[in-house]
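Trainee: sequence-free structure coming up:
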Ligand SMILES: Cc1ncc(C[n+]2csc(CCOP(=O)(O)OP(=O)(O)O)c2C)c(N)n1
Ligand SMILES: Cc1ncc(C[n+]2csc(CCOP(=O)(O)OP(=O)(O)O)c2C)c(N)n1
Ligand code: SF4
Ligand code: SF4
Ligand code: SF4
Ligand code: SF4
Ligand code: SF4
Ligand code: SF4
Ligand SMILES: [Mg+2]
Ligand SMILES: [Mg+2]
């Protein structure tokens, strides 16, 4: 009996250790994604796009064709690829800033058009790459570089409910879920379903993942888990929000 | 007994007849808005912003300070004004293209931040100003200049459910409704509530109005009403979707 | 293989936007991504009408950022992808174009210039020259064809796809609202029947085989960690750009060798310039005409020759010196003096150029 | 009235981003709108830290388009509003800036240049010169101060608000990632204690009284129906811009009157140029130094004087000829030859400039 | 003053009805919505040179036409006691 | 090959546990999640020069630490029959 | 080099000046001549004056717009105001005699000013719908850019499918061409 | 014109080179000298080498970065590789003698190459936490850009609040400065 590296087959070993910080949730999300790709056997068909944000650090992460795009623009790049070559499995990977702030027009319109792509959005409640500014997902009272006295919901609102918003504009065929790196197995399940939904040609698939950023949260391991599991879940409900079988109820 | 011009007091008579086409619903929306402003007595405090789109034709429509902005950018301009001078009543007026396509990041983020402004969005199911291209709101099967064989929901999705989306990301304090120029009284009521919500400092207020574009629909009066009242309401449900008293249910 | 709309050579009378749509089909473009803006809309209108018949795809995006980035995606997928825009749309398009510029992606963009700055007019101008040649936070590693006639719109739209895929620089057809909306005659043809070989696109992603097993993965980035890395890449681009520039640069010239005064103009204004110059030459006045067809790269060598012989260059453009800056950059050190005829956002007629020439010549 | 962070003159040692934040507070800026991007982030960080204490407002927007357009809104409301950006953010910012340019709105923008094109590097460059001076679909009716030291970052940030509100052109402080992130000393002061009067802003909308009753409504547009309307407006802008240009233009020069070779550079590169020139002059080599502080408008008259006397201008910049194009545009027809020292996206040291000068002088 | 619009008024049993041809663009939206079907095209041309509208005595001064006119070209005043 | 990571393996009753210090960034996430609290910092340094982790015999080879390691620095193999 | 004939046609939205210009341009093109037709288009055009610029000649046409027209046809009061600026000493300025209140706006620097009763002829003799075809006849006659027969061919090409169903329509349109031509024939 | 002293400090993320550079720069500034300190910063920096560029002189400093340093301190193997390029014939290259496997990377064109056992001294004599203060002492001694006393003042300013609670810490830090200085004193 011997021990092997427990890395997804689709990871590029020669670019590991990866470039994320110690304890960064991006690594966990990409592990789940890698496993999902392995299990679905789509390493040859997948095309991976990463955003600007810490996700850019993953441009050479997988043994998969990949493109590092602009901040917020991974959705249109992957959409463009998928429209031009429907054979590929398009995966757009981004942060909460990229998806809910600068790229939100792409997110909501790709969702409304039911683009047959899979979006994975990492919610770490702030802008990691630029050093920890407020994001649409920042928690009330949370201190960031641009909310140094804590986010005041009176002045800047409550954390964006991304999957709920996406669910409200997608029609049948869409898959929408929120996972967390605290539950790797469930997270992998959601990601896998989101990919399967694309493979089956059903429609837009969106998974938000609650993730960690010890660097900008300035937390040790204990507090990292605590913030993720206790604080974030107060505002962000983990689970499936829309599955392809369900119909779009609102507004019809 | 004599007859007076039945124009809202806040309209600028010297710029009438206005520049909208014969039968254009913009005129009806702006009549309702004018009446609401009159009734609330806020002509001195209102600041009106119009988008690029046919709404731009209203830049000198009212006896109200006004700014004609860029396509999709009326939301941030009015947000900027309101943030800098909270005394004003900021009104952002735009089309479905401006609000749901190119300006959708501003719409959803202003909504999420609960900006204390009032947005009125005219849904005429296409891009009026540029000559009738497909919009996010174009109906399935509807022929436009860029969907010459009819919009195919398989390829480009179903009409965007704007108010439903906005409702999904706003928290308490927001007001969200959908009116129609076919029901001027109700429409005025919605607009008035949306303005009152701002006056009361509650939060983001959003009213979508189903409107007519005989020019690009290429309809006569009869068919104009029919398309508005029969076809559009199949996809767009008229009514109040969120009122300030209600709480945000989803995702909490 | 779906058939093509144009078989033999045939004369047509149509709008410039229609011409661009036909030319794109004939260049074997696969997919157009776009967002409406006047005066380019009809390119999309005609393309969407033709698309099903000729096996083409179309996607209307939510804005020009998306139109540009989906076009980038189309190119990455190995398809001939293009978009069209104007004015404020062109301003926004610079973000995706800067990505294409950084990564040498052969996107093709048709620009129909309108009045600026800001929304200004939907009509006409030549005010998007700086934007199209050097827009974004980069160094303008692009190729820009400024057309003057419908014939050229057709010829250069076809050429643009070849240039883009051959050299892998973003390539532009720079027209304007006049060209977009006016009707005039041109001859359309099947480029292959004229021996014009259409360069085949190649995929950057989604190639056959499993990455890491059958082949290395196709992985691309536009971000560098240290200055030196970027500096090296840009030096390489500059070298390659400079090397192809003489081969890519095009111009039109008329009596410029032997004239004291040469009118320099581009695009639709050059029609007026040509008319004025030809008329005056017929009347025995020695004036010349020079027109860069590529604004990026400029036909530097030829322009310098002209500027070394002529006493005066009269630069006529529907902008405030955007062409003039490119010209001065090219001919710095030459002897010719420069006289401007700048009408930002407004057309220039042969009569005006003629009058200006006469006033200069005294 | 909340108190101010700086009372008398005092020496500080801090980063450039911190300096800009302080200067904006001292210039009586009311509100900052912004979107994070390296290397300008700390301007926002310091501003948000100081804001509650000094009665200032801040809004983090969803992107740079929104940051620019909310800034436009802030100015329309009659507040001193500003934003800061860099790189791809600056590319996006051109859309709102083009609206401000079209409507003469005195927005103030701090740009900390980073490597380009595209995302490139977050570090440093001078590659946003064309973008900042002439970006968008317009004619560059803007004022751009290119700073070289922390002292200047402070002085010109304060000045920018005055210039903007006095002349009503969008005004820029053009720094770079080095200036943003490095620490050096400077003296901060209360501008009013030095007799610098701070121009008061005025509201465009939301003034007292009821429009149509007590006063005409304040109504503004940037769209024109016919070419002639636009042409007229732009001619007027051009006239006004040309008229104020000599008053606004600034430069720094050293031994440029009597030298055969003059180094022309701007921003942080000019520190290296100055060091090199001073050293060589001490060693008896006759070289000069000229530095435009305003890149828009250029100090044309002074630069022409230099270029008429000097044999050679050595243009050094961390970009491929972006400054050089502005220089050639200004001095076309002058006798000086031009030698480039272009390092796109990379720093230039005194040693390099010195070596280049020596190689040119032979 | 460019905004002194000339009115054509009609007195009917229930009230006063007026059209301002200088504002009427001839869209016909009003005609479609009149519950009494008492509106028709007029020989008097509107602002765009298209026919404006007029009414017959059947009008009940309900004001619907006024409400749906996007150009405020119609004014209806109910007689007292008709509310 | 840069990617031949050296392992440190520990055999425990229920299986084999291994750490690859060349991948471990010392974040400590694993330590927090170990249900047996049997993990601790090691003297062997990880890739960033910070301590890597190791275990005691109490480890039950449950694999949780492997699952929560963002860097795939831990591999756990349950012995046969332990599933 | 024979200069192209420069024509400006202007009217209200519904008056069909753009189709007149387009049909003439196409007729000229069919004859192998060079034609360039450009409409005005603008943002606030809804309800604005519609202007067509047309040039026809034997060599490639220069600038799409021009400072001075050879002939201008203005069909409404606003059209008269809008097109005055294209008048030069060689310009023939034609307007509909039914336009009221434009006395002061009629250019005084034109070579010739013609008031033609096209609207009246349309309404009284023919049919309001062929008003623009009468105008077309007048333009064709006044400029000779294409022969009247070619003009009729062009109409046939454009509306043939309608004529087939209703041959009276053909007659009406051709009549309109002829009457339009007559209206100016006497005056030139 | 006396040239500024140019210093490059490089190490791994946690080694504190940026704070060393910043404290020295501030100390020099307090002495009324001109100092310019710029950190490296980059996108892929997470886990990358941290480099500090520091210049101190008596006149305004020129370019923030430079081609050749007067002194380089490299604290890890990657730091040695990263900083080699700043070596010139007048450069003193200092590295920690505990770094393994860099024999081939040590520059051969430097004026002087010094291997100092800073890490060892920290771990064995003092405390691993003052490793960077030892380095600071070495830099101050080797460059004389500020006096050792000023350096101590600067540390006092920065960490005084901690020293008050625990005066032993002050002693430890000052000791580290002295030991750092000693490490190079013998070698220069
Ligand atoms: C147009 C543009 N604006 C701003 C930036 C700067 N920027 C880079 S990453 C980033 C935020 C990233 O945050 P997020 O998307 O949440 O990803 P994370 O790093 O947190 O994973 C920003 C604002 C940019 N690169 N481009
Ligand atoms: C950046 C930019 N892109 C495109 C346009 C062109 N444009 C002007 S209006 C418009 C669409 C307007 O449609 P909508 O917002 O629905 O308003 P409507 O005219 O239908 O009332 C477009 C695409 C523009 N002005 N600016
Ligand atoms: S900054 Fe935060 S999100 Fe980015 S790599 Fe580090 S831990 Fe992860
Ligand atoms: S085009 Fe449509 S929306 Fe625009 S003014 Fe005309 S009718 Fe109204
Ligand atoms: S008032 Fe009522 S009844 Fe009278 S015309 Fe109008 S809609 Fe008809
Ligand atoms: S609705 Fe108004 S504009 Fe339309 S026809 Fe009736 S009166 Fe005229
Ligand atoms: S396998 Fe389970 S018990 Fe063993 S160390 Fe890991 S988490 Fe702890
Ligand atoms: S979770 Fe992984 S990287 Fe973090 S300490 Fe444990 S083994 Fe090391
Ligand atoms: Mg984030
Ligand atoms: Mg619309």
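Mentor: Now that the structure is in, tell me what you want to look at. The structure displayed is predicted, hence computed values, not measured ones. Numbering: from 1, shown residues only, chains lettered A, B, ... in the order given. Ligands and ions are numbered 1, 2, ... in the order given.
Trainee: quick one: contacts for residue 142?
Mentor: You didn't say which chain, so I picked chain A. Listed by Cβ atoms under 8 Å, 6 or more residues apart in numbering or on different chains, the contact partners of residue A:142 are A:125-126, A:134, A:150-151. Bear in mind the C-beta positions are built from the backbone N, C-alpha and C, glycine included.
Trainee: The chain in question should be chain G.
Mentor: Residue G:142 touches G:71, G:92, G:94, G:184, G:188, counting by Cβ under 8 Å, 6+ apart.
Trainee: please redo it, this time with the cut-off set to 6 Å
Mentor: G:71, G:184 (Cβ atoms under 6 Å, 6 or more residues apart in numbering or on different chains).
Trainee: what pLDDT does it get?
Mentor: On pLDDT, residue G:142 comes in at 91.
Trainee: Can you tell me the element it falls in?
Mentor: Residue G:142 belongs to helix G:131-143 when assigned by DSSP states H and E.
Trainee: now the following helix or strand past that helix: how far from the chain's centre is it?
Mentor: Sequence-wise, the next helix or strand downstream of helix G:131-143 (DSSP H and E) is helix G:148-165. Put simply, helix G:148-165 sits 17 Å off its chain's centre (Cα atoms, centre = their mean, to the nearest Å).
Trainee: Mind checking the pLDDT average for the helix or strand following helix G:148-165?
Mentor: As assigned by DSSP H and E, the chain's next helix or strand after helix G:148-165 is helix G:167-185. Helix G:167-185 shows a mean pLDDT of 93.
Trainee: Report the buried residues of helix G:167-185.
Mentor: G:169-170, G:172-184 (16 or more other Cβ atoms under 10 Å in any protein chain shown).
Trainee: Out of those, the closest to residue B:157 would be?
Mentor: The closest of the buried residues of helix G:167-185 to residue B:157 turns out to be residue G:169 (Cβ to Cβ; 43.8 Å).
Trainee: isn't the closest one right up against residue G:163?
Mentor: Yes. Here residue G:169 reaches residue G:163: they are 5.4 Å apart, a contact under Cβ atoms under 6 Å.
Trainee: In chain E, what residue lies closest to ligand 9?
Mentor: Closest contact between chain E and ligand 9, by Cβ to the ion, is at residue E:70 (46.5 Å).
Trainee: all helices of chain E, in order?
Mentor: For chain E, the helices defined by DSSP state H cover E:29-33, E:64-68.
Trainee: ditto for chain A
Mentor: A:25-40, A:74-84, A:96, A:104-112, A:153-156, A:162-169, A:184-199, A:214-217, A:221-226, A:232-235.
Trainee: so which of those comes closest to residue C:286?
Mentor: helix A:74-84 (52.9 Å).
Trainee: The closest one packs against which elements?
Mentor: Where contact means 3 or more Cβ pairs under 6 Å, 6 or more residues apart in numbering or on different chains; DSSP states H and E, helix A:74-84 is packed against strand A:46-50, strand A:89-95, helix A:104-112, helix C:64-76.
Trainee: which residues touch the longest one?
Mentor: Spelled out, it's helix C:64-76. Here helix C:64-76 makes contact (Cβ under 6 Å, 6+ apart) with A:67, A:73, A:76-77, A:79-81, A:84, A:106, C:31, C:33-35, C:61, C:81, C:83, C:85, C:89, C:92-93, C:95-96, C:99-100, C:105-107, C:204-205.
Trainee: ok, and which of those reach ligand 8?
Mentor: When Cβ under 6 Å from any ligand atom is applied, no member of the contacts of helix C:64-76 is adjacent to ligand 8.
Trainee: show me what contacts the residue in chain E positioned nearest to ligand 2?
Mentor: Nearest to ligand 2 in chain E, going by Cβ to the nearest ligand atom, is residue E:70, at a distance of 13.1 Å. Residue E:70 sits next to B:24, B:27-28 when contact means Cβ under 6 Å, 6+ apart.
Trainee: and the longest helix anywhere in chain C, anywhere near chain A?
Mentor: In chain C, taking DSSP H as the definition, the longest helix is helix C:227-248. No. Helix C:227-248 stays clear of chain A (Cβ under 6 Å from any Cβ of the partner chain), getting no nearer than 13.9 Å.
Trainee: List the buried residues in the helix or strand just after that helix.
Mentor: As assigned by DSSP H and E, the chain's next helix or strand after helix C:227-248 is strand C:251-254. Neighbour-count burial for strand C:251-254, counted by 16+ other Cβ under 10 Å, picks out C:251-254.
Trainee: what's next to the helix or strand that strand C:251-254 is followed by, contact-wise?
Mentor: Per DSSP H and E, the first helix or strand lying C-terminal to strand C:251-254 is strand C:261-264. The list of residues contacting strand C:261-264 from outside it, by Cβ under 6 Å, 6+ apart, reads C:256, C:273, C:277, C:287-290, C:306, C:310, C:312-315, C:327.
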